[in-house]
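S.K.: pasting the sequence and the predicted coordinates here, then a few questions.
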Amino acid sequence: KGLSRSHIFGSWSFKLKMASSVITSLSLSFKQVPPAAVPAFLDCVLSSTGVAPSTLFESLINEFPFRSEDTIKVDKKFDSEDCNHIASLVAGLCHLLKNSGFGSGDDNHNALQLFVWRVFIPLMKMVRAYDLDMLNQIIQSFFDVVIETSVLDMLGVSLVPFLLRSVGVSMGMLNHEESDFIKWGELLLSDSLNTRDMDGNYIASLSGSFPIPLSCHLLNLILNAAFQSRQAAPMVEEFAGGLLWDLCNTTERLLSQSLEHRSCAVSFLLPAIFKAFSSQSSMKISHQGNMYILSRNGFKKRVWECCKKLFSVGSIERRDAYSVLALCLSSGSWTDGTESCFSEKDAVEFDLRSEQEFWDEIKKGLVVDESIVRKQSLHILKSVLSISDVSKASSEKKPEGNSAHRAMTKKETWAEKEAKSLGVGELYGSVDSGLTIQQQWQAFVLLYEMLEEYGTHLVEAAWSNQIDLLIKSSFRYEGSLKSDCNNSHQGYMETPDEETGIFSWLEVLWSRGFRHDNPLVRCTVMESFSGIEWRRYKTCTQSMSQTFVLGPFVEALNDSVHHKDFGLKGIYTSRTIEGATQYVSAYTSYLNPRDRVGFLINLASLAKKQSFGRAGFMALIQCIVSTAYVVGGYGDKDTEHLEDILSGTLHEPSSEHLSQDDMAHLLDVLKFVAESSRQHFNHKYRIRVYQKVLETAASVVNPCNVPLGTLLQFVSAIPREFTDHDGSLRKMMLEWLQEYNRKTSNSFCTDGTRLLASLYEYLKEFISDHVE
């Protein structure tokens with residue numbers, strides 16, 4: 001111990017000269033001896049020559065024939081002979097390191113760092129010169145020695161700072177952060193190795209960095225090794241905690257970077273971090289004189305904040321966010337009590353399931369176009385609900401007898417038979433006692449998986465059955481809603497046992513079914529949707545969002561496969577249109593008055609925002625009329641004539657919430673609808689459109705309460721051939737303009753002649769302006 005480093009190196013140099021013949025022969029032998037035979041070969045050499053392992057180790061290091069700068073300059077690729085030579089050299093050096101023993105002496109510490117800087121790091125920089133098997137063999141040999149000798153903490157002053165710096169530099173960082181445990185910003189080779197006799201260019205070459213995937217892969221291995229052997233020595237335990245702290249910080253930074261950075265975080269760092277937390281969910285970390293608690297839940301909270309940012313960026317970022325969440329949910333218990341990534345006095349609890357945005361993002365993921373994202377979202381949902389194999393579970397439940405079945409076609413009979421054989425189609429045979437929450441979610445997952453994986457005939461056999469079970473089970477919860485007649489999307493789940501949660505998720509099934517690639521599946525789903533008596537199922541109806549109704553639902557109505565008989569024999573309707581109007585009427589009636597008005601305006605505005613076919617356009621108009629009836633207080637009367645509206649009894653009208661601007665905007669949209677119908681060649685079709693436009697206006701718009709110019713523009717949009725004397729719509733138009741105030745009880749006009757007076761003033765101003 002009393003010798004200086006110069007004396008040590010002098011001694012090694014002397015011994016090297018004494019054993020030069022042995023070293024020369026040994027170097028040549030490494031080209032011939034396979035890696036597996038190297039340890040036994042070296043033991044024979046050491047015992048027969050009397051050369052000390054440390055002397056032989058130093059000599060082989062100095063004679064190491066491979067330099068990273070040589071391969072980088074010429075883009076060299078190693079052949080099989082070179083790879084065998086390298087593998088044998090590494091195996092020999094690692095064997096000598098193991099035999100030397102690692103105590104507390106400077107010589108042993110220096111030997112390890114010498115290997116890291118002169119062999120391991122240069123070989124890692126040459127990773128493009130050899131294949132993956134070679135890389136794994138080198139890494140495995142090195143880590144076997146480090147783990148077996150319990151000197152992982154020594155890597156904290158050489159390899160680990162180098163790797164952290166490589167990751168930091170790839171993110172544009174010039175220095176470590178104050179919160180980092182391991183300081184890599186001022187990493188110098190001389191901090192861990194005597195460089196007096198080293199070539200300056202060689203030292204400079206070591207100041208570079210590894211590719212980020214390699215750096216993260218090595219950090220993964222080091223962290224796993226540290227936590228496996230942390231109980232062997234106090235220094236290793238302290239090193240493991242500090243490294244985990246830094247990798248948590250590094251992962252958080254990587255998730256805000258490019259695709260490659262996020263991929264490395266997901267593939268290498270997050271699995272290692274959660275594996276470490278699985279053995280110890282929280283630990284105390286002493287850092288800069290303060291004591292902190294590093295915990296799994298605290299780290300999950302930070303990761304969740306990163307995911308929320310990724311969700312708001314783009315589709316690729318969303319995909320990575322789902323991958324991160326899947327790792328979080330597979331990493332052990334949901335919550336470990338009071339845990340935090342901060343100081344003990346700021347300890348907090350965190351349960352991802354209590355985040356509403358978490359459930360909203362799963363919903364979004366289940367309906368996106370990317371198949372991989374849908375599968376990720378479904379996997380996350382099933383993890384939360386603890387659902388694994390729905391088909392197996394369903395096959396264990398046999399349907400009860402005495403159930404009436406309608407006569408089925410051969411195709412339907414065959415489909416149901418095959419569905420039963422797979423446990424699909426009849427998850428439960430009776431809902432007399434109601435489905436449990438878990439059974440409801442199993443039915444939901446079964447339906448979703450059918451849309452993703454199963455054939456058309458299985459969907460046809462099982463879809464209506466399962467939907468019917470879910471819808472009927474909502475009867476149990478009709479009195480348990482926390483808010484009445486609103487659409488504030490209350491159905492998110494804080495836990496899988498949230499009673500009303502399942503019904504707000506049904507729109508996910510409808511959305512996927514409406515957009516399915518197979519038209520037969522789309523028809524099956526729409527027929528099922530249209531056949532439901534929505535007014536009987538308040539919980540299900542009001543739990544759906546306006547985003548669904550104005551989006552996937554209206555888009556589905558524009559799908560021609562749902563209107564095969566539309567227009568035949570002059571009948572411009574279909575079963576789908578009739579079912580849609582009933583659903584929209586029920587949905588609107590469960591909204592509060594102010595939301596009804598907003599929904600009507602948004603629904604009508606779709607005519608300007610989207611392109612519709614003939615059937616889809618008529619379906620939209622019928623839905624607008626049905627909504628207007630509810631807003632005007634006329635319920636869901638299937639009226640054909642304006643006099644039926646004007647003579648009807650009002651039921652809690654919402655039209656008083658329509659401002660003058662709302663009415664003007666609505667008339668403008670209706671004018672656009674009327675003008676758009678002119679492109680259709682069929683005379684009867686156009687009359688039908690004009691009739692529905694007038695019915696909508698008559699239901700909610702008081703002609704006395706809108707600017708006269710707006711009113712006249714709307715009236716002019718209806719062709720005169722329909723409103724002149726003997727026109728088919730003349731009576732309807734006059735009744736709206738003249739009879740509205742007299743027939744309704746909530747009139748905004750104080751004088752029945754107010755409209756005529758406004759018209760007189762308008763014409764008077766018009767004439768005076770043009771006469772001048």
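M.R.: That came in fine, so what should we check first?
S.K.: tell me which stretches of the stretch 1-150 of the chain form helices.
M.R.: Counting by DSSP state H, counting those that start in this stretch, the stretch 1-150 of the chain has helices at residues 5-18, 20-29, 38-49, 53-62, 68-74, 80-100, 106-115, 121-125, 132-148.
S.K.: and the most centrally placed residue in the chain, helix, strand or coil?
M.R.: Centroid-nearest residue in the chain, with CA atoms, centre = their mean: Tyr322, separated by 4.0 Å. Per DSSP: H, G, I helix; E, B strand; the rest coil, the local secondary structure of Tyr322 is helix.
S.K.: count of neighbours near Phe722?
M.R.: Other residues near Phe722 come to 18 when the count uses other CB atoms under 10 Å. Quick note: C-beta positions are derived from backbone N, CA and C, even for glycine.
S.K.: distance of it relative to Val715?
M.R.: Applying CB to CB, to the nearest Å, the value for Phe722 to Val715 is 11 Å.
S.K.: which residues sit against stretch 242-256?
M.R.: Residues outside stretch 242-256 that contact it (CB atoms under 8 Å, 6 or more residues apart in numbering) are 156, 160, 164, 167-168, 171, 173, 177, 179-182, 219, 222-223, 226-227, 261-262, 264-265, 269-270, 272-273, 276, 283, 285, 287, 294, 299, 302-303, 306-307, 309-310, 320, 324, 341.
S.K.: alpha carbons of that stretch, in PDB - could you do that?
M.R.: C-alpha atoms of stretch 242-256 as PDB (Å, rounded to 0.1, in the frame of the first residue of the first chain):
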ATOM      1  CA  GLY A 242     -28.400   6.100  -6.100                       C
ATOM      2  CA  LEU A 243     -28.500   4.500  -9.600                       C
ATOM      3  CA  LEU A 244     -32.200   3.800  -9.300                       C
ATOM      4  CA  TRP A 245     -32.700   7.500  -8.300                       C
ATOM      5  CA  ASP A 246     -30.800   8.600 -11.400                       C
ATOM      6  CA  LEU A 247     -32.500   6.200 -13.800                       C
ATOM      7  CA  CYS A 248     -35.900   7.400 -12.600                       C
ATOM      8  CA  ASN A 249     -34.800  11.000 -13.400                       C
ATOM      9  CA  THR A 250     -33.300   9.900 -16.700                       C
ATOM     10  CA  THR A 251     -36.500   8.000 -17.700                       C
ATOM     11  CA  GLU A 252     -38.600  11.000 -17.100                       C
ATOM     12  CA  ARG A 253     -36.400  13.100 -19.400                       C
ATOM     13  CA  LEU A 254     -36.300  10.500 -22.100                       C
ATOM     14  CA  LEU A 255     -40.100  10.300 -22.300                       C
ATOM     15  CA  SER A 256     -40.200  14.000 -23.300                       C
END
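S.K.: got the buried residues for that stretch?
M.R.: By 16 or more other CB atoms under 10 Å, the buried positions in stretch 242-256 come out as 242-255.
S.K.: how long is stretch 263-271 from one end to the other?
M.R.: End-to-end distance of stretch 263-271 (CA to CA, to the nearest Å): 12 Å.
S.K.: list of residues touching that stretch?
M.R.: The contact list for stretch 263-271 (CB under 8 Å, 6+ apart) reads 212-213, 216-217, 219-220, 247, 250-251, 254-255, 303, 320, 323-324, 327.
S.K.: between these, which is nearest Leu446?
M.R.: Proximity of the contacts of stretch 263-271 to Leu446 (CB to CB) peaks at Ser323, which lies at 25.0 Å.
S.K.: for the residue lying closest to the closest one once chain neighbours are set aside, which three-state class applies?
M.R.: Nearest residue to Ser323, sequence neighbours excluded (CB to CB, 6 or more residues apart in numbering): Val266, at 5.0 Å. Assigned with three-state DSSP, Val266 falls in the helix class.
S.K.: what is the burial count for Val266?
M.R.: Using other CB under 10 Å as the criterion, the residues surrounding Val266 number 20.
S.K.: cool, and Leu603?
M.R.: Using other CB under 10 Å, Leu603 has 22 neighbouring residues.
S.K.: that one belongs to a strand?
M.R.: No: read with three-state DSSP, Leu603 is helix and lies in no strand.
S.K.: isn't it right up against Leu550?
M.R.: Yes: if you go by CB atoms under 8 Å, Leu603 and Leu550 touch, sitting 6.4 Å apart.
S.K.: what sits against Arg596?
M.R.: Contacts of Arg596 (CB under 8 Å, 6+ apart): Thr588, Thr627, Val630, Val631, Ser654, His657.
S.K.: then Ala225?
M.R.: Applying CB under 8 Å, 6+ apart to Ala225 gives the contacts Phe143, Val146, Ile147, Leu152.
S.K.: closest to Ser59 among those residues?
M.R.: Nearest to Ser59 among those, with distances taken as CB to CB, is Val146, at 22.0 Å.
S.K.: burial measure for the closest residue to that closest one other than its chain neighbours, as a count.
M.R.: Taking CB to CB, 6+ apart, and ignoring the residues beside it in sequence, Val146 has Leu152 as its nearest neighbour in space, at 5.7 Å. Neighbour count for Leu152, taken as other CB under 10 Å: 27.
S.K.: kindly report the same for the one 10 residues further on.
M.R.: The local packing count at Phe162 equals 26, with neighbours defined by other CB under 10 Å.
S.K.: surely it forms part of a helix?
M.R.: Yes: Phe162: assigned to a helix according to three-state DSSP.
S.K.: tell me the contacts of it?
M.R.: Counted by CB under 8 Å, 6+ apart, Phe162 has contacts Ile121, Trp184, Leu187, Ser209, Phe210.
S.K.: least confident pick among these?
M.R.: Within the set of the contacts of Phe162, pLDDT is lowest for Leu187 (59).
S.K.: tabulate the buried residues of stretch 242-256 (a markdown table), appending pLDDT, distance to Ser511 and secondary structure.
M.R.: A markdown table is the format used below for the buried residues of stretch 242-256 (pLDDT from 0 to 100; distance: CB to CB, whole Å; DSSP: H, G, I helix; E, B strand; the rest coil):
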| residue | pLDDT | distance to Ser511 | secondary structure |
| --- | --- | --- | --- |
| Gly242 | 90 | 48 | helix |
| Leu243 | 92 | 45 | helix |
| Leu244 | 94 | 41 | helix |
| Trp245 | 93 | 43 | helix |
| Asp246 | 93 | 43 | helix |
| Leu247 | 95 | 39 | helix |
| Cys248 | 95 | 37 | helix |
| Asn249 | 94 | 39 | helix |
| Thr250 | 95 | 38 | helix |
| Thr251 | 96 | 34 | helix |
| Glu252 | 95 | 33 | helix |
| Arg253 | 95 | 36 | helix |
| Leu254 | 96 | 33 | helix |
| Leu255 | 96 | 29 | coil |
